[in-house]
Structure formats: structure tokens, C-alpha cells
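Asks: From the sequence below, what's the structure:
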Amino acid sequence: MKNSPKRLIQGVVLILAALLMFLFLAMLERVSDPLPKFALYGILVALGCVVVGIVMSFARGEAQKKERTYNMQKTIAVIKGDGIGPEIVTEALKVLDKIAEKYNHKFTYKPVLMGGCAIDETDVPLPQQTIDVCQCADSVLLGAVGGPKWDSLPGDKRPEKGLLGLRGALGLFANIRPSHLNPVLADACPLKDEIVGDGIDLMVVRELIGGAYFGKRETFVKDGEKVAYDTTQYSDSEVERVARVAFQMARKRRSKVTSVDKANVLDSSRLWREVVERVAKDYPDVEFSNMLVDNCAMQLVRNPGQFDVIVTENLFGDILTDEASMITGSIGMIPSASLGAGNLGLYEPIHGSAPDIAGQDKANPIATILSAAMMLRYSFDMDVEAKNIEDAVQKVLEAGYRTGDIMSEGCKQVGCKEMGDLICQNI
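Replies: Numbers count the residues shown, from 1 in each chain. Sure, this is the predicted structure:
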């Protein structure tokens, strides 16, 4: 785009030079005097050099385009999913394209299926092709999966099973969910001002591929009635690796970790507490405490400012992260990252597929866009680019633009597409 005016001028000069050459060739046929004829030959040679120079310039430009080098090239597996998923992911990709243009990166997108759309097309929620593409990619960006259309399917065939399967296949054991009350959205917070105090800024690190969601389960008939059970199981190493993620993250924040369990009742929680307490000794600079999960649920709405980093098991984390997101005002603003041992990660908004507003340009794409920013930071080590996206989102919000879920008096309501455009304009 930057070279288009130059190319236009070159094209005009080329056409004019060619026309003049034809004109002088016609004049040569009518001139018999040697001196004027020699002058015309000289002019023709000069015009020919101009034409050749412009043609070579065009050729060099095309070759440079083909041989262009980028600061960084990354392949991203893209799962748009169900409901509003395609809309919000489209806006996130628009923002990533803007970042690629500004910082001279190249992002290659590999679209794959998962969830309800995968069931409709392949009869399974997680096709093997999706696993293969995601394992070969540098990162994965997900919209949302699920919806009422597939609620009647057996548990192992439902869209959510695809998400659990992908986390396991990629070895993503730690889910990172920030919960931050943006000052410009403070009115949306359901808590009283005296409870919020100086604000809410906490991070939940949730173990992701163990516990009840991945344990042995069964539904059967006993004595004429249905019986079902699920099993929560954790190993020493599974707890230790996610605990270390939490402590390392705390060191980059306010150096405080709260481990949440149910050690007064559950054996799995007693092991959890034992291991996390042992890991804490390796981080003497980080303040550490244990808290029972029921007390934590209460403290999140009673005094959320006391928390910095919360680390907990899969089931407890699933519940607490939704609570932590809602006290900030809108679930549509919260991104998340699912990380493993390497740089590969899965990035997604924490909200659902919202099929009731799908296809109506009403969805809030900010959580997905901020998830893309987390991807740049945690998987690609692009801190500057990630900050650029976060700052752009903040500028748009400060300018008073809102989607319907965060709309307040005096602000301007915009749709999903316009919100994405506005964020791009501020990058």
C-alpha cells in the first residue's frame, strides 16, 4: 500500500514514454536531413532507457515482495466454533492483521473445526485433523463452543467434550484467567464501592487436565435406580507443576499466592495442600496462604482486593473464575490462556457461545481480542505488541464506545464489527 503512489507515477511515465517513442518513430519516416534525424535517434534511445528502467524497477519491486523478510512468522490454528464464535474471532484476527502490518510480522491462520460445528460436519466434537493442526501450530485461538442444539447428545458426544479433549491432547495443564476491574467500567461492577476499594486485580491459575473433569466416571443402575459417580484424582507432579506457574506469575505481580482447596474433607485436597506448601518453600519472597474453597467464594465478593494470584484445582477453578469475572462487571471482557510446558497455548474468551445473539452483530469481541493479546505475550514473547492491543482497547473504552453488554448512560453503543474496527484504528 505504501508503494502504490510511486507505482502509479511510474506507470504514467511509462505510458507517456511509450507514446513519445511512437511519435518520434513516425517523425523519423518524414525527416531526411541527417542532423535532425540523428537528434531524433538520440531522443528515442533516451526514451528507451526510461522505459527499460521503469520495467526493471517494477521487476525489482515484485521480486522484493516475493523475498520479503518478516520480523517473526507464526502459524495460528483458528477454531471459530459455535454461536457468536465466528463473529468474535473474526474481529480478533482483524486486530492481529493490524499488528502484523505495523510490526512486520506474518501470521498464517489454519482454520479447523471443534464443538457443535464439528459434530454437524464430522459427527465428533474433536476431529483428529483438528488435533493434528493444533499440535503443529505455534498457538491456538478459540471462539466458543456449545449451544442448546447439542444439549441432548450423550456426554462423550457433546461440544464441551471437544474442548476437554483438545486441552488434554496439547498437554495444557494451567489455565490463566485475569480478573481486572477497568476504571471506566466501574459502574458495571455489582459490588458496593466500599467493597471494591482501590479496585480488583487478581489472577486465577486453574489446573486444567486433572481432577473430576478427567477422572473415572460411571452411570449405572443399582437396586432399580440410577447411580452415578465422578472421581477426583491428582498426583504429586500434577499439583507441583501448576503451583510453580502460580508462584512464578506472582513474582511478576504483587508476590502473593492463595492456594484454594477443600482439605478439611477431601483426600485429593489434602494432597494438594501438602504439595503446594512444599513448593511455597522454594519461593520465600512470595507471601503464601491456604484457603478453603467455600471461604474463597465468599471472600471474592466480600473483599476481592486481598487476592493477587489464586491457584486451585480444576472443578473449584471453573466455578471461582466465573465468579471472579462477574464481579468485574461483564464476562464479555475477560480473556484466558491455557498453557503447557512449552510455548504452545490455547487462547479463548471465558464466556460461552451466546446462541441467542449469534449472527446479530451484538457480541462483545473484546475478551477474544484480549485473548489474542495474551497469545502474543505468553506464546510469542511479543510484549510490546500485546501492550499495543491492550492500550487500544482502553482508548476505545475511554472514548465511550460500548457493546450492549457493557452499555451505560452517556456512552455510544456499537456492534461487534464496529468495536473491532475502532480497536484497529487505535493500534
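Asks: Mind exporting the C-alpha coordinates of stretch 353-370 to PDB?
Replies: As requested, the backbone C-alpha atoms of stretch 353-370 are provided in PDB (Å, rounded to 0.1, in the frame of the first residue of the first chain):
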ATOM      1  CA  SER A 353     -21.300 -19.200  22.700                       C
ATOM      2  CA  ALA A 354     -24.400 -17.000  23.400                       C
ATOM      3  CA  PRO A 355     -26.500 -18.500  20.600                       C
ATOM      4  CA  ASP A 356     -29.400 -16.100  21.400                       C
ATOM      5  CA  ILE A 357     -27.400 -13.200  19.900                       C
ATOM      6  CA  ALA A 358     -25.400 -15.100  17.300                       C
ATOM      7  CA  GLY A 359     -25.300 -13.500  13.800                       C
ATOM      8  CA  GLN A 360     -26.800 -10.300  15.000                       C
ATOM      9  CA  ASP A 361     -23.600  -8.200  15.400                       C
ATOM     10  CA  LYS A 362     -24.400  -7.800  19.100                       C
ATOM     11  CA  ALA A 363     -21.500  -9.800  20.600                       C
ATOM     12  CA  ASN A 364     -18.700  -8.200  22.600                       C
ATOM     13  CA  PRO A 365     -15.300  -9.200  20.900                       C
ATOM     14  CA  ILE A 366     -13.100  -7.600  23.500                       C
ATOM     15  CA  ALA A 367     -12.400 -10.700  25.500                       C
ATOM     16  CA  THR A 368     -11.400 -12.500  22.400                       C
ATOM     17  CA  ILE A 369      -9.200  -9.600  21.200                       C
ATOM     18  CA  LEU A 370      -7.500  -9.500  24.700                       C
END
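Asks: Just give the nearest non-adjacent residue to Gly197, would you?
Replies: Gly305 (5.1 Å; C-beta to C-beta, 6 or more residues apart in numbering). (C-beta placed from N, C-alpha, C; glycine too.)
Asks: Would you mind confirming that the one you found makes contact with Glu194?
Replies: No: Gly305 is beyond contact range of Glu194, at 11.1 Å (criterion: C-beta atoms under 8 Å).
Asks: So the two - more neighbours on which side?
Replies: Legend: neighbour count by other C-beta atoms under 10 Å for Gly305 and Glu194, higher for Gly305 (14 against 6).
Asks: and that one, that's in a strand?
Replies: No: counting by DSSP: H, G, I helix; E, B strand; the rest coil, one finds Gly305 to be helix, located in no strand.
Asks: Next one: it from Gly224, what distance?
Replies: 53 Å (C-beta to C-beta, to the nearest Å).
Asks: got it, and Lys110?
Replies: 51 Å.
Asks: Out of the helices and strands in this structure, which is least certain?
Replies: Across the helices and strands of the chain, mean pLDDT, DSSP states H and E gives its lowest value to helix 34-66, namely a mean of 62.
Asks: In the helix or strand just after it, which residues are buried?
Replies: Moving toward the C-terminus from helix 34-66, the next helix or strand (DSSP states H and E) is strand 72-81. Within strand 72-81, the residues that count as buried by 16 or more other C-beta atoms under 10 Å are Met72, Lys74, Ile76, Ala77, Val78, Ile79, Lys80, Gly81.
Asks: what mean pLDDT would you report for strand 72-81?
Replies: Across strand 72-81, the average pLDDT comes to 95.
Asks: mind listing what's buried in the helix or strand that that strand is followed by?
Replies: For strand 72-81, the succeeding helix or strand toward the C-terminus, using DSSP H and E, is helix 85-103. For helix 85-103, the neighbour count (16+ other C-beta under 10 Å) marks 85-96, 98-100, 103 as buried.
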